[in-house]
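1. got a structure for you, letters missing:
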């Protein structure tokens, strides 16, 4: 099935991607952001906050936005 994936890390990009039916938000985050902590990102589906165990469906729009900017001075 196809969803829109929006990654706002750095310059950001949006693209349609194919995911397996039954894929959860947490599973896709792990695939696209390996080694990253989900707690450091705002993760939304169709502009709504969702739990990691939510199953993605055809046509969903998943966006990942960092809440902390690397290299920023304290």
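-> Here it is on my side, so go on. What you see is a predicted model; the values in this text were computed from it and never measured.
2. Listing request: residues of this structure with sub-threshold pLDDT.
-> 10-11, 69-74 (pLDDT under 70).
3. ok, which stretches of it are helices?
-> Under the criterion DSSP state H, the chain contains helices at 25-32.
4. where along it do the strands fall?
-> 2-7, 13-18, 41-45, 48-49, 61-66 (DSSP state E).
5. Other residues contacting the third one?
-> Put plainly, it is strand 41-45. 25, 29, 33, 49-50, 52, 54, 56, 60-67 (C-beta atoms under 8 Å, 6 or more residues apart in numbering). To be clear about C-beta, it is placed using only N, CA and C from the backbone, and glycine gets the same treatment.
6. From those residues, keep the buried residues only.
-> 25, 29, 33, 50, 54, 56, 60, 62, 63, 64 (16 or more other C-beta atoms under 10 Å).
7. wait, what's in contact with the residue most central in space within the chain?
-> With distances taken as C-alpha atoms, centre = their mean, the residue of the chain nearest its centroid is residue 64 (3.8 Å). For residue 64, the residues meeting the contact criterion (C-beta under 8 Å, 6+ apart) are 6, 7, 8, 9, 29, 32, 33, 41, 42, 43.
8. what's the closest of those residues to residue 17?
-> Taking C-beta to C-beta as the measure, residue 32 is the one of those closest to residue 17, at 8.5 Å.
9. how many other residues sit next to the closest one?
-> Around residue 32 there are 14 other residues, counting by other C-beta atoms under 10 Å.
10. who's in contact with it?
-> Applying C-beta under 8 Å, 6+ apart, the residues near residue 32 are 5, 7, 64.
11. how near is the second one to residue 45?
-> Using C-beta to C-beta, to the nearest Å, residue 7 is found at 14 Å from residue 45.
12. residues bridging contact with those two, i.e. touching both?
-> In contact with both residue 7 and residue 45: residue 63, using C-beta under 8 Å, 6+ apart.
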